[in-house]
Structure formats: structure tokens, C-alpha cells
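[1] Following is a predicted model, sequence given first.
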Amino acid sequence: RRHMPNVDTRVAAIYRRNRPIIPRGDTVIEADDEVFFLAARRDIRAVMSELRRIERGFRRVVIAGGGNIGERLAEHLEHTHQVKIIEHSLTRCTMLSERLDRTVVLHGSATSKRLLEEENIEECDIFCALTNDDEVN
């Protein structure tokens, strides 16, 4: 907070050497930490630029959950980004594929390691967990 006083953000979790750390007020972010944060839309770029150098824009987006929020997000992004939605319901997948122009709709579980590896999850720039299940998210 002292470093960026006018930025509305919170560090939600830190993974250090593949182990989770729940951040507290005195936690220090170290080199090679994987940091998960929540931020107001207007502050995301500022926070990202503090955590790492921004070399390119975000292009590849994966959305876990094809509900109303996931669908609206895909609609908004699909003409400027490469978007994939992972949806568990086959009926909803069919409907999404008819409604969305350029989004790739995948039928399966967002918790499936095999599916995520096949879809090159490590290459995506942003992963949005928008299912109705907090545990899955």
C-alpha cells in the first residue's frame, strides 16, 4: 500500500517454489513468485507493470465457465483477442457456439489437466475462472 498508495488492489495469493503462501501485511514479494491479485479495472496495468515488465498486449484468453458472465466477456473480447471458453454442459456449449462468432467453445471440465494441457493453457495470457462453483474456480 505504501508503494502504490493510489492503486486499488489486493494480493490474493502467492506461489513460491510451487507452494502457496497466504499474504499478510508484512509479506514481501520475491523474484520468481507467482502472484495472484485483485484490482480495479483502471489499476490493472499499473499493478502488472510493477510486478513484471509488460512486453506485449494480452491476446490469448481462456474463460472457464460459459454462463452469462463468461458469454458476455467472450462477446466483448472475441474480435480483439483469441478467446476459448471451457464449458461443462454440452447443451450450453452448442448454444455458445451458435451465439459467438470467433470464440472457440470447448466441452469439458476446467479442472481437467489433460484438457488444459491439450489447449496449451501455459501459453494463455489470461485465465478467467467464471464457473458457478467456487471450488472449481
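    Perfect, I can see it now.

[2] I'd like to know how many residues surround Asn137.
    13 (other CB atoms under 10 Å). Where C-beta positions appear, they are placed from N, C-alpha and C, glycine not excepted.

[3] Would you confirm that it contacts Leu130?
    Yes - counting by CB atoms under 8 Å, Asn137 sits close enough to Leu130 to count as a contact (7.4 Å).

[4] okay, and the common contacts of the two?
    64-65 (CB atoms under 8 Å, 6 or more residues apart in numbering).

[5] how about the helices of this protein, start to end?
    44-51, 68-77, 90-99, 113-118 (DSSP state H).

[6] Can you list the neighbours in contact with the shortest one?
    In this case it means helix 113-118. So helix 113-118 is contacted by 86, 106, 108-110 (CB under 8 Å, 6+ apart).

[7] Residue ranges in this structure under the pLDDT threshold?
    Applying pLDDT under 70 to the chain flags the ranges 1, 51-57.

[8] In it, what residue spans correspond to strands?
    Along the chain, counting by DSSP state E, strands occupy 9-16, 19-21, 34-39, 60-64, 82-87, 104-107, 126-129.
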